[in-house]
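**Student:** dropping the sequence and predicted coords here.
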Amino acid sequence: MTNLYIKDFPILNRKINGKRLAYLDNAATSQMPKQVLDAVYEFDSMHRANVHRGLHTLSEEATNMYEDARKKVAKFINAVVPEEVVFVSSTTDAINFVAYAWARKNLKKGDIILVSAAEHHSNLVPWQLCAKEVAANLVFIPINNEGELDIQNTKVEWSKVRLVAIPHVSNVLGVVNNIKDIVKFIKKKVNDNEHLPKILIDGAQSVPHIPTNVQKMGIDFLVFSGHKMCGPMGIGVLWINRNIVGEIGEYKTGGGMIKEVTDKTATYSHVPERFEAGTPNVSGAVGLGVACDYLSKIGLEKIHEIEMNLMKYSLSELSKVDDVIIYGTKDYQKRSGLLAFNVKNIPSHDLATIVDTEGVAIRSGHHCVMPWHKRQEITTTARLSLYFYNTKEDIDALITGIKKAQKLFMGVN
Amino acid sequence: MDIYSQELLHFYKNQPHNKTLKKASLNGRDANLSCGDEINLEIKLNSEGIIEDIGYQSDGCVISTASISMLSESLIGKKIDDAVKLSANDYLNSLGVDLTISRQKCALVGYNALKNATKNYKKN
């Protein structure tokens, strides 16, 4: 099968251990196409200057490129205005921002923060700390056998729920949660227009893979990372619904976000600069903007379709191999391109090491979701995660690697 | 697959020390929670400070399990004072395979369990 996109990615032409690279670790990070690599190089080599504050030509160019990137990201997620897009360093940074600048300012003792029972640590630990500091309570939405958020069976005092922080797609279960329906359900249950909870969606595993339209989701915050969508590392996005900007306090302060500073006081700049203290990752933002262009040109519906076909193939091929355990739904249509699995009697670290000898890159461990693994009484899992540049040959190489591991450890246990 | 040497696989398949001792003189444990490797190590000494028996309980990958299996076998009959002096480097070299940094962490869980066990010994 010919994949049209591989040629854009220099790294995909590498050999690993003498074998063609089958990169199946896109949930950890994606690869960057030439277009993004060139854009970052172009910025750094020909336009590099600090943004917003300079008066010379280079600074103007850099500022324009930075703000153009913001517009591109805004368009990518259908934000109302570019000012809703705040550049941060990562999804983790974005969540910490909300935890400090919104939650600590607005939550009080007895309020409830609702998260899922399979959160990435970055969407759990900040809320643990926040809940401790403001004496709020952390409550967990259970996960059903299909790996979906079981919002209907969540036992919580709805009237006290003030913040909901959940993933659009879980990085370990790979299931696409119906955010629109979940948000509708929650708001109906709270049933108090004056105290509707804020909704934060962790889009790290969704924005790169499925069309995202913040105007149709009924949410307040969306967070995601550039490096998981063909962009550079060190750049992320916090989308803030413009209607709640007035509720946001301080997180990072200092240069770049002020209007006026005296010895003892400071006033702050307009949004979104107010939320971007210090020198931003300008080349990262420029790269992310070009990544948005690149992905939009392919089309997110097309990207999702490619991944769905590959996921269908993956599920089918894995189920033909003896002793493979798949976690979460076997219905490929409910999934994004991400799947956690184990092979009986082969610890996942060893599996990952052996498939690496076939050029296959998968992840092994707890994928920053220790609590879910503990609840399942599993130590670790292996995880394959697809992107639009993967092929059936990549999955075939994984299957070869799995069988190699089974042969090596045959008779061991 | 160089790291899965015949020798290492032998110690994974054959684990005479994967057991609980009736009466341990020392014990220590270590865990690498990021990958799920956990080892509890027990050492039985005789009156002259010679390691008479070793038992361990382990839950983890092939590298961590095979390494502690190999280490345990090599320590039988040795003086506890010599076991205390074993360096991490010497231990890793004794495994006879070239481990990446991430897999070294797996191998070192057993070594750290030994260090924790002998730490208690020094105190006594």
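**Tutor:** Yes, it's here.
**Student:** C-alpha from now on. contacts and neighbour counts both.
**Tutor:** Will do.
**Student:** now the helices for the stretch 151-300 of chain A?
**Tutor:** A:179-190, A:282-298, A:300-319 (DSSP state H, counting those that start in this stretch).
**Student:** please apply the same query to chain B.
**Tutor:** Under the criterion DSSP state H, helices of chain B are mapped to B:6-13, B:62-75, B:80-85, B:88-94, B:101-123.
**Student:** rounded mean pLDDT for the longest one, please.
**Tutor:** Right, helix B:101-123. Across helix B:101-123, the average pLDDT comes to 89.
**Student:** now swap in the fourth one and tell me
**Tutor:** Model confidence over helix B:88-94 averages 95 on the pLDDT scale.
**Student:** tell me which residues in that helix are buried?
**Tutor:** If you call a residue buried by 16 or more other C-alpha atoms under 10 Å in any protein chain shown, then helix B:88-94 has these buried ones: B:L92.
**Student:** nearest to A:T253, out of the helices of chain B?
**Tutor:** Minimum separation from A:T253 across the helices of chain B (C-alpha to C-alpha) falls at helix B:101-123, 37.0 Å.
**Student:** let's have the helices of chain B in TSV, adding distance to A:S348.
**Tutor:** TSV is the format used below for the helices of chain B (distance: least, C-alpha to C-alpha, whole Å):
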stretch	distance to A:S348
helix B:6-13	16
helix B:62-75	10
helix B:80-85	31
helix B:88-94	22
helix B:101-123	12
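**Student:** thinking again about what came up before, which among the helices of the stretch 151-300 of chain A is found nearest to A:N64?
**Tutor:** helix A:282-298 (10.0 Å).
**Student:** list the contacts of that closest one.
**Tutor:** A:35-37, A:39-40, A:43-44, A:51, A:62, A:65-66, A:68-70, A:72-73, A:76, A:87, A:226, A:229-235 (C-alpha atoms under 8 Å, 6 or more residues apart in numbering or on different chains).
**Student:** how close does A:M217 sit to A:K312?
**Tutor:** 27 Å (C-alpha to C-alpha, to the nearest Å).
**Student:** now for residue 9: which residues touch it?
**Tutor:** No chain specified, so I'll use chain A. With C-alpha under 8 Å, 6+ apart, A:F9 has these contacts: A:31-34.
**Student:** that's the other chain; I wanted chain B
**Tutor:** With C-alpha under 8 Å, 6+ apart, B:L9 has these contacts: B:A66.
**Student:** so which residues on chain B come close to chain A?
**Tutor:** B:1, B:12-13, B:34-36, B:60-63 (C-alpha under 8 Å from any C-alpha of the partner chain).
**Student:** which of those sit farthest apart?
**Tutor:** Maximum distance among the residues of chain B next to chain A (C-alpha to C-alpha): 24.5 Å, for B:K13 and B:S34.
**Student:** strands of the stretch 301-413 of chain A, start to end?
**Tutor:** Using DSSP state E, counting those that start in this stretch, the strands found in the stretch 301-413 of chain A span residues A:324-327, A:338-343, A:360-361, A:363-365, A:381-385.
**Student:** TSV for those, including distance to chain B and mean pLDDT?
**Tutor:** Formatted as TSV, the strands of the stretch 301-413 of chain A follow (distance: least, C-alpha to the nearest C-alpha, whole Å; pLDDT from 0 to 100):
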stretch	distance to chain B	mean pLDDT
strand A:324-327	17	94
strand A:338-343	13	95
strand A:360-361	13	98
strand A:363-365	5	91
strand A:381-385	9	95
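**Student:** ok, A:L12 touching A:I6?
**Tutor:** Yes: if you go by C-alpha atoms under 8 Å, A:L12 and A:I6 touch, sitting 6.4 Å apart.
**Student:** A:I395 - how many residues pack around it?
**Tutor:** For A:I395, the number of neighbouring residues by other C-alpha atoms under 10 Å in any protein chain shown comes to 24.
**Student:** name the nearest residue to it, ignoring sequence neighbours.
**Tutor:** A:S314 (6.3 Å; C-alpha to C-alpha, 6 or more residues apart in numbering or on different chains).
**Student:** just the contacts of helix A:282-298: which are in strands?
**Tutor:** Using DSSP state E, the members of the contacts of helix A:282-298 that fall in strands are A:F87.
**Student:** which of the contacts of helix A:282-298 are buried?
**Tutor:** A:35-37, A:39-40, A:43, A:51, A:62, A:65-66, A:68-70, A:72-73, A:76, A:87, A:226, A:229-235.
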